[in-house]
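K.L.:
Here is my input, please return the structure:
(4 chains)
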There are 2 protein chains.
Amino acid sequence: MDAKMSEISEDCFDCFFKATCNKSISEEDFDFLFQSTIQQKFKKGEIIFKQGMRTSYLMYLLKGKVKFNFEDENGKNLILSINKAPTLLGLANILNEEINIFSIIAIEDCRGCLIDLNNLKMLAINNKLFMMNVLKMSTDLFRSSILNFISLAHKQVNGRIADILLYLSKNVYEDKLFTLTLSRQELAEFAGCSKENVIHTLRNFDTDGIIKVSGKNIEIINFERLQKVSKSG
Amino acid sequence: MDAKMSEISEDCFDCFFKATCNKSISEEDFDFLFQSTIQQKFKKGEIIFKQGMRTSYLMYLLKGKVKFNFEDENGKNLILSINKAPTLLGLANILNEEINIFSIIAIEDCRGCLIDLNNLKMLAINNKLFMMNVLKMSTDLFRSSILNFISLAHKQVNGRIADILLYLSKNVYEDKLFTLTLSRQELAEFAGCSKENVIHTLRNFDTDGIIKVSGKNIEIINFERLQKVSKSG
DNA sequence: TTTAAAAAGTGAAAAACTCCATCTTTTTGA
DNA sequence: TCAAAAAGATGGAGTTTTTCACTTTTTAAA
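P.N.:
Residues are numbered from 1 along each chain as shown, chains lettered A, B, ... in the order given. Here you go, the predicted model:
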């Protein structure tokens, strides 16, 4: 136990999840939750939640980035969202204990805490404020995915790629210059288009001086024009 | 009061919302909720929840059908979902009292009960089971819209229209033969394509003997082939 | 370090889709 | 019940996007 504690104490010390919890539950309740958590590592490409399976835990992602991936009947993939730590994953399963409708997959090395869903539910049922907080996180996720979806559903590829670049820069890499942890194929699965189309579009944006592409490195040079492309769709 | 009661009593007698509520709250609590409800009619085309506005109520839709409509910066519309009574509308606003991200608009004459959100919240906070029930409805909606998104986000128009026809037949009109309460333009806004494309596709499906189109009347003749078109995308 | 495999990139043909102009039919309201 | 407006339908030109066949570059593993 000591070994476990010392290994993860530095993370736990400023864990955002703990901070959020402690706003609404007591130290003792958090310890109860904490007892059952296991810290776990995932390599790039590893599946954290698997589409079609049931899971009995949430994961609080401490480090790394993940994709929400849906695979259809023909084996084609669609990326629903890209998210970075810190974030709570698996919320869609809190209330309806149905099977996962999509996978969550590490797109770079990740580390997180698995939180037992039954324990969390037990706390939530007995603590209104805590339940409100957890569910607010859940509905926030819903809102952001709707906006994501809307953007993709009725723009042309130029606008969709522009949206994705803006999204990645603002919400995932948090810089105008970033090194992609996604392949061109994955960008295509995010934009709902072909790989070639992604490559052509990125090159066009580069030629137009909107971005600077060099392999996996992308720099957004002209935000305004990129936003204009996003708007005009 | 008597007038009000008598006017709506027949609906209330077998109201599904009341039935759902009474599983988890007492008669008195339901009456408290009921006191503040107002039955309201909406004509086809009228806006029930308006994008960009705050609302302080939910609506339990007793009769009619609605569309979830998102309007973008350029005035283009996207239909996120079509839903029929009975259903509870406005759940996305329970926790986060932010502005509505989309409108909900009647696509045929509707009738429903407006339920005061504050009263409902007050009950929910004091009754865990009731809260669970209401929030389960909310997350169910989330699940079904994700599936909707996925279907639309990476299929070609043939597959998208096939999906829409199957969805309308199964979940909205509940018959293989139905009279559309949507225009071709609205179908296009649901499928994320042009009006002309909808018309062509419907005609092709008709020519191929998959469906029978006659104005607003549509009959699905060959479910298997329609499902095949949906799968092949 | 070499080699095999995966990813990135290219260009052109084919397919899918939109946009436009125009016409017909249906709906709506004075 | 008639006229105006809205919705539906049509076909073709032009654009967007996919698909394919292929080359080059990068990555990972023996």
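
K.L.:
how about the residue nearest the centre of chain A, phi and psi?
P.N.:
When CA atoms, centre = their mean is applied to chain A, the residue found nearest the centroid is residue A:83 (2.1 Å). Taking degrees, to the nearest 10, you get phi -130, psi 150 for the backbone angles of residue A:83.

K.L.:
now swap in the one 3 residues further on and tell me
P.N.:
Backbone torsions for residue A:86, taken as degrees, to the nearest 10, come to phi -90, psi 140.

K.L.:
That one - nearest residue in space that isn't next to it in sequence?
P.N.:
With CB to CB, 6 or more residues apart in numbering or on different chains as the measure, residue A:16 is the residue that lies nearest to residue A:86, at 4.6 Å, once sequence neighbours are left out. Glycine gets a C-beta too; all of them are placed from N, C-alpha and C.

K.L.:
Is the one you found in contact with residue A:85, as I believe?
P.N.:
No: with contact defined as CB atoms under 8 Å, residue A:16 does not count as touching residue A:85 (9.1 Å).

K.L.:
re earlier: and the pLDDT for the residue nearest to residue A:86?
P.N.:
Reading off the per-residue confidence, residue A:16 sits at a pLDDT of 74.

K.L.:
and it, how many neighbours?
P.N.:
Using other CB atoms under 10 Å in any protein chain shown as the criterion, residue A:16 is surrounded by 13 other residues.

K.L.:
Tell me the spacing between it and residue B:160.
P.N.:
As judged by CB to CB, to the nearest Å, residue A:16 and residue B:160 stand 40 Å apart.

K.L.:
need the residues of chain A near DNA strand D, please.
P.N.:
A:156-158, A:192-197, A:200, A:215-216 (CB under 7 Å from any atom of the strand).

K.L.:
Intersect these with the contacts of chain B.
P.N.:
With CB under 8 Å from any CB of the partner chain as the criterion, the residues of chain A next to DNA strand D include residue A:192 near chain B.

K.L.:
would you turn the residues of chain A next to DNA strand D into CSV with secondary structure?
P.N.:
Rendered in CSV, the data for the residues of chain A next to DNA strand D read as follows (DSSP: H, G, I helix; E, B strand; the rest coil):
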residue, secondary structure
A:156, coil
A:157, helix
A:158, helix
A:192, coil
A:193, coil
A:194, coil
A:195, helix
A:196, helix
A:197, helix
A:200, helix
A:215, coil
A:216, coil
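
K.L.:
From the residues of chain A next to DNA strand D, list the buried ones, please.
P.N.:
When these are checked for burial by 16 or more other CB atoms under 10 Å in any protein chain shown, the buried set is A:157-158, A:192-193, A:197.

K.L.:
Of these, which is the nearest to DNA strand C?
P.N.:
Looking at those and their distance to DNA strand C, the nearest is residue A:197, at 8.8 Å (CB to the nearest atom of the strand).

K.L.:
Could you find the closest non-adjacent residue to the closest one?
P.N.:
residue A:157 (5.3 Å).

K.L.:
Which strands and helices lie in contact with the longest helix along chain A?
P.N.:
When chain A is scanned for its longest helix (criterion: DSSP state H), the result is helix A:128-153. Contacts of helix A:128-153 with other secondary structure elements, assessed using 3 or more CB pairs under 8 Å, 6 or more residues apart in numbering or on different chains; DSSP states H and E, are made with helix A:16-24, strand A:77-84, helix A:117-126, helix A:157-167, strand B:77-84, helix B:117-126, helix B:128-153.

K.L.:
Now do the contacts for residue A:83.
P.N.:
Each residue near residue A:83 by CB atoms under 8 Å, 6 or more residues apart in numbering or on different chains is listed here: A:61, A:65-68, A:89, A:172.

K.L.:
what about the residue nearest to residue A:103 when sequence neighbours are not counted, helix or strand, and which?
P.N.:
Counting by CB to CB, 6+ apart, residue A:103 lies nearest to residue A:51, which is 4.3 Å off, once chain neighbours are set aside. Residue A:51 is part of no helix or strand, with elements assigned from DSSP states H and E.

K.L.:
need the contact list for the closest residue in space to residue A:119 that isn't next to it in sequence.
P.N.:
With CB to CB, 6+ apart as the measure, residue A:36 is the residue that lies nearest to residue A:119, at 5.2 Å, once sequence neighbours are left out. Residues touching residue A:36, when contacts are defined by CB under 8 Å, 6+ apart, comprise A:115-116, A:119.

K.L.:
Give me the pLDDT for residue A:36.
P.N.:
The predicted local distance difference test score for residue A:36 is 78.

K.L.:
how about the residues of chain A near DNA strand C?
P.N.:
Taking CB under 7 Å from any atom of the strand as the test, the list of chain A residues beside DNA strand C reads A:183-185, A:195-196, A:199-200, A:202-203, A:213, A:215-216.

K.L.:
re the thing from before, quick one: the residue nearest to residue A:103 and residue A:101 touch, right?
P.N.:
Yes: with contact defined as CB under 8 Å, residue A:51 reaches residue A:101; the gap is 6.8 Å.
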